[in-house]
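*Asks:* Next input, structure requested:
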Amino acid sequence: MEMRRTNSRRKKFRDKLPGHLGKAILKDLTLMVDELSATEGFKAGYLKEQYLSKYCDPTTTSPEHRREAAIKKWLSQEERNARTNIRLYMAEPDMVIAGCRLEDLLSKAGDIVERVLGPLRYPNILWDSVHTNGASTRVPREVTSAMDKLTGAAHISSSALKHWTLGSYDTILEGQELEMRESSQLFTVPKSTDIDRVACKEPEINMFLQRSVGNHIRRRLRKYGIDLNDQTRNQELAKIAVKRDLATIDLSSASDSITTQLVFSLLPLDWFHLMNDLRVKATIIVDGDVETHHELEMFSSMGNGFTFELESLLFYAITRAISWELGIKGTISVFGDDIIAPCALVGPLMQVFHFFGFKTNEKKTFWTGKFRESCGCHYWNGVDVSPFYVKGPIVKVTELIKLLNQLLQWDAYGYGFFQTQQCAEFHRKYSRHVPKILYGGQNIEEIGSLVTGDLPRQRLVPKKKDVQVDASLALKHWLVVRRFTRTSDEIEPYMEHLDWCKTPQWHEASIGPRGPKASLPLSGHLYTPYATDAAEEVGYELVPQPEWLVRTDWQPYFVW
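*Replies:* Okay, the predicted model is just below:
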């Protein structure tokens with residue numbers, strides 16, 4: 001009851017700035033950055049280069065042109081992939097690349113891949129997965145998409161059908177209707193000022209099985225010091241890279257450059273055939289009313305459930321193999337296409353990557369000088385110079401709060417207060433347009449309250465509109481994601497849990513160590529219930545800051 005009384009006092013917040021203000025903010029920000037870059041050294045100059053690099057605005061480049069440019073680049077990469085597939089297939093084993101025999105290099109990298117993957121435990125490998133709220137070829141991205149994928153005719157490719165049939169036999173998923181879908185569907189998302197990023201929607205059953213393989217690779221890589229759940233190691237290595245003679249390497253269109261022939265050359269045969277079955281071999285490109293069928297030269301696109309893990313594994317294996325073949329010692333770390341390796345390895349590595357069809361992003365690869373960058377952290381001789389990014393027009397209060405907090409973090413990092421008068425004055429000028437009730441924020445990275453050094457007041461939290469969810473579907477989803485997949489006859493003993501499954505918030509109290517655990521003998525274990533959030537955000541509302549918070553260490557105007 002007390003919780004309901006607290007919620008009833010929450011006020012809806014109008015998250016909108018006056019129409020003219022956004023242009024003024026961006027104009028003053030540009031003037032300030034220009035002035036700083038002329039007087040404040042490398043950090044400010046680097047900010048000037050970067051802060052608008054991801055800006056997307058229809059008045060600069062239309063969404064249609066960004067999409068067209070992205071698809072054109074993607075198709076160009078596919079042409080390059082076709083040449084790579086032929087080159088790798090026709091290559092002589094005795095040819096030498098960067099001082100290494102190709103056969104020895106592939107053998108060593110293949111051994112590393114095999115050791116990391118471990119034995120293929122089939123069919124158990126298929127069931128470490130969940131449906132997500134991401135879009136598939138059949139189900140659009142919605143707050144209930146994960147559960148919607150359990151109903152209707154689910155899409156699956158013919159090559160994945162045998163794996164799904166085996167795994168779902170005699171389970172509650174056995175009866176789901178299936179529809180054959182042999183291709184993904186290409187789409188784009190905003191990336192930068194002049195170009196989008198390409199990804200593909202996959203059939204949802206393929207995605208389910210792909211994610212399971214991806215989760216296995218992720219777990220196995222952790223045993224070798226590559227943690228794809230945490231970017232911290234790469235970021236910390238980038239900080240000390242100059243001192244330890246390490247390079248930070250970045251590749252262009254890396255996941256779209258992994259060719260089928262390269263995967264065949266490096267993966268154990270049983271693993272290759274499984275992953276080849278679970279992927280789709282073609283995609284559909286929609287341009288208005290015209291649909292173009294494109295056979296993939298890449299092994300898997302962005303949108304495939306194991307692409308990120310597979311690229312991380314291959315880049316780790318190739319880099320480690322070259323270092324062993326050439327006898328170059330030093331730290332190696334990988335997070336996707338963010339690679340850290342000894343500087344002496346950069347030249348040979350670039351040659352090998354080029355032969356395997358990858359392009360080094362010269363703007364983001366550093367092995368000489370004092371600058372290094374990895375996983376979003378940028379360092380000049382070990383000093384953090386990471387820029388902030390303005391990704392679009394500032395039209396909302398929350399966007400202004402984010403910008404002001406980012407500015408404070410950029411200028412005051414390590415001190416807690418502004419170092420330059422220009423930044424302090426900009427912050428003072430535009431913080432007036434943030435309601436004072438939102439002053440006293442504690443977290444420099446949040447958008448719900450402004451960090452000002454005041455005692456905590458109130459903050460914005462997303463206001464959610466409950467989405468009605470069929471209780472039996474919610475229970476089915478819960479049982480599926482907990483890997484309890486016995487037949488429907490065995491579900492009956494657990495129907496008493498429908499009461500807490502019915503509410504849109506049923507998932508909230510059940511996630512994490514503090515949530516109640518269901519004492520159900522599921523597969524012989526005790527499981528914590530889990531499901532996706534069946535609610536959608538419809539704005540923001542004001543709530544009190546947590547009472548335990550005290551005045552923050554951030555004091556923006558300590559000097560000025």
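*Asks:* Can you check which helix is longest in this protein?
*Replies:* If you go by DSSP state H, the chain has its longest helix at helix 63-90.
*Asks:* Quick check: neighbours of the helix or strand just after that helix in the sheet, parallel or antiparallel?
*Replies:* Following helix 63-90 in sequence order, the next helix or strand is strand 96-97 (DSSP states H and E). In the sheet, strand 96-97 lines up against strand 100-101 (antiparallel) (DSSP bridges).
*Asks:* For the residue nearest the centre of the chain, give me phi and psi.
*Replies:* Computing the C-alpha centroid of the chain and ranking residues by Cα atoms, centre = their mean puts residue 308 first, at 9.0 Å. Torsion angles at residue 308 (phi, psi; degrees, to the nearest 10) stand at phi -60, psi -40.
*Asks:* Can you verify my assumption that it contacts residue 254?
*Replies:* No: look at residue 308 against residue 254 with Cβ atoms under 8 Å: they stay out of range, at 9.9 Å. For glycine as for every other residue, the C-beta is placed from the backbone atoms N, C-alpha and C.
*Asks:* Touching both of these two, which residues are there?
*Replies:* Here residue 308 and residue 254 have residue 336 as joint contacts, going by Cβ atoms under 8 Å, 6 or more residues apart in numbering.
*Asks:* one step back: in the longest helix of the chain, what's buried?
*Replies:* Residues 66-67, 69-71, 73-74, 77-78, 80-81, 84-85, 88 are the ones in helix 63-90 that count as buried (16 or more other Cβ atoms under 10 Å).
*Asks:* List just the nearest of those residues to residue 296.
*Replies:* Of all those, residue 78 has the smallest distance to residue 296: 7.4 Å, by Cβ to Cβ.
*Asks:* Next up, the contacts around that closest one.
*Replies:* 256, 294, 296, 297, 298.
*Asks:* same check, this time on residue 139
*Replies:* 145, 148, 149, 204.
*Asks:* of the residues you listed, closest to residue 457?
*Replies:* Distance to residue 457, by Cβ to Cβ, is smallest for residue 145 among those, at 36.6 Å.
*Asks:* Next, count neighbours for that closest one.
*Replies:* Residue 145: 19 surrounding residues under other Cβ atoms under 10 Å.
*Asks:* ok, now residue 40?
*Replies:* Around residue 40 there are 17 residues (other Cβ under 10 Å).
*Asks:* How many residues are close by the nearest residue to residue 423 once chain neighbours are set aside?
*Replies:* With sequence-adjacent residues excluded and distances taken as Cβ to Cβ, 6 or more residues apart in numbering, residue 423 is closest to residue 411, at 4.3 Å. Residue 411 is flanked by 24 other residues according to other Cβ under 10 Å.
*Asks:* what do you get for residue 450?
*Replies:* 26.
*Asks:* Same question for residue 265.
*Replies:* Residue 265 has 19 neighbouring residues, counting by other Cβ under 10 Å.
*Asks:* ok, now how distant is it from residue 282?
*Replies:* In this view, residue 265 and residue 282 are 22 Å apart by Cβ to Cβ, to the nearest Å.
*Asks:* part of a strand, is residue 462?
*Replies:* Yes: per DSSP: H, G, I helix; E, B strand; the rest coil, residue 462 lies within a strand segment.
*Asks:* Could you verify my assumption that it touches residue 537?
*Replies:* Yes: here residue 462 reaches residue 537: they are 4.4 Å apart, a contact under Cβ under 8 Å.
*Asks:* returning to what we had before: among the buried residues of helix 63-90, which one lies nearest to residue 415?
*Replies:* residue 66 (38.5 Å).
*Asks:* How much space separates that closest one from residue 253?
*Replies:* Residue 66 is 16 Å from residue 253, where distance means Cβ to Cβ.
*Asks:* Likewise for residue 167?
*Replies:* Per Cβ to Cβ, residue 167 is found 33 Å from residue 253.
*Asks:* same deal with residue 282?
*Replies:* Look at residue 282 and residue 253: by Cβ to Cβ, they are 19 Å apart.
*Asks:* More neighbours: those two, which one.
*Replies:* When residue 282 is set against residue 253 and neighbours are counted by other Cβ under 10 Å, the residue ahead is residue 253, at 21 against 13.
*Asks:* Contact partners for the closest residue to the more buried one other than its chain neighbours?
*Replies:* Counting by Cβ to Cβ, 6+ apart, residue 253 lies nearest to residue 77, which is 5.1 Å off, once chain neighbours are set aside. Shown in contact with residue 77 (Cβ under 8 Å, 6+ apart): 253, 256, 257, 298.
*Asks:* what about burial for those residues, which qualify?
*Replies:* The buried subset of the contacts of residue 77 - by 16+ other Cβ under 10 Å - is 253, 256, 257, 298.
*Asks:* who touches the last one in this structure?
*Replies:* Think residue 298. Going by Cβ under 8 Å, 6+ apart, residue 298 touches 77, 78, 81, 255, 256, 257, 258, 259, 260.
*Asks:* same thing with the third one?
*Replies:* For residue 257, the contact set (Cβ under 8 Å, 6+ apart) comprises 77, 80, 81, 84, 251, 298, 357, 358, 359.
*Asks:* Any chance of CSV for those residues, columns pLDDT and distance to residue 208?
*Replies:* Converted to CSV, those look like this (pLDDT from 0 to 100; distance: Cβ to Cβ, whole Å):
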residue, pLDDT, distance to residue 208
77, 96, 27
80, 97, 31
81, 97, 26
84, 97, 30
251, 94, 28
298, 97, 21
357, 96, 29
358, 96, 29
359, 93, 32
